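Colleague: Could you look at this predicted model? Sequence included:
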Amino acid sequence: PVPPLLANERESGATLTHVINHSPDGLKLDTTVASVIRAAWALVLGSQTGSDDVVFGETLSGRDVGLPGIEQVLGPTLTTVPQCVHIDRDVTVAQFINKLHESYVEMIPHQHAGLQKIRRLGDSTALVCDFRNLLVIQTAEGTSVDTQVMSLVDDNVDSENFFTYPWVVECAIEPQSLKL
């Protein structure tokens, strides 16, 4: 569902942007910014669905797989995987983020298995492959950031049919900010 704050302003296919200023040193956590983003998205989904068990798809660069020379590949190495997250209300935020990070690291060797193969592993894995929202985290390269709180983006692109998921969140990690 669309968050109530945006329900009246949101059009199908519309793109919203939001910028969050941050300092990587300010996290004071032994983890990555991407893990913090994953945890935040899981918490948003949990609050919107009323469930402590959430599933979302995540598109990954595919360049952290243990394949010699992968960083030299000129073409795309993208992969999309289901992320199943249990929100444990009895742990600290730092513990929650660290557990999510550990789960991500354990998944790296298997990230290129493909949704088709994952779906065939069983009924429960087939179910998690039917996620309805997608998280894309990427590192931005030298782009400037508009610091307006929230704005509609008119990029003259027919974005309504671009993604096959009703809700897509793209995060660009920049040196001093996150662009959502």
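Modeller: Now that the structure is in, tell me what you want to look at. Numbers count the residues shown, from 1 in each chain.
Colleague: Which phi and psi values does G46 adopt?
Modeller: phi -60, psi -40 (degrees, to the nearest 10).
Colleague: Tally up the residues packed near it, please.
Modeller: By the criterion of other C-beta atoms under 10 Å, G46 has 17 neighbours. Glycine gets a C-beta too; all of them are placed from N, C-alpha and C.
Colleague: So for this structure, the centremost residue is which one?
Modeller: L135 (2.7 Å; C-alpha atoms, centre = their mean).
Colleague: Specify the local secondary structure of that residue.
Modeller: What DSSP: H, G, I helix; E, B strand; the rest coil gives for L135 is strand.
Colleague: lowest confidence element among the helices and strands of this structure?
Modeller: When the helices and strands of the chain are scored by mean pLDDT, DSSP states H and E, strand 151-152 comes last with a mean of 44.
Colleague: The helix or strand that it is followed by: partners in the sheet, and parallel or antiparallel?
Modeller: The element immediately downstream of strand 151-152 (helix or strand, assigned by DSSP states H and E) is strand 167-173. Applying DSSP bridges, strand 167-173 is found paired with strand 133-139 (parallel), strand 177-179 (antiparallel).
Colleague: What's the mean pLDDT across strand 167-173?
Modeller: Mean per-residue pLDDT for strand 167-173: 87.
Colleague: Could you dump the strands paired with strand 167-173 into JSON lines with distance to M107 added?
Modeller: Listed next are the strands paired with strand 167-173 as JSON lines, based on distance: least, C-beta to C-beta, whole Å:
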{"stretch": "strand 133-139", "distance to M107": "14"}
{"stretch": "strand 177-179", "distance to M107": "22"}
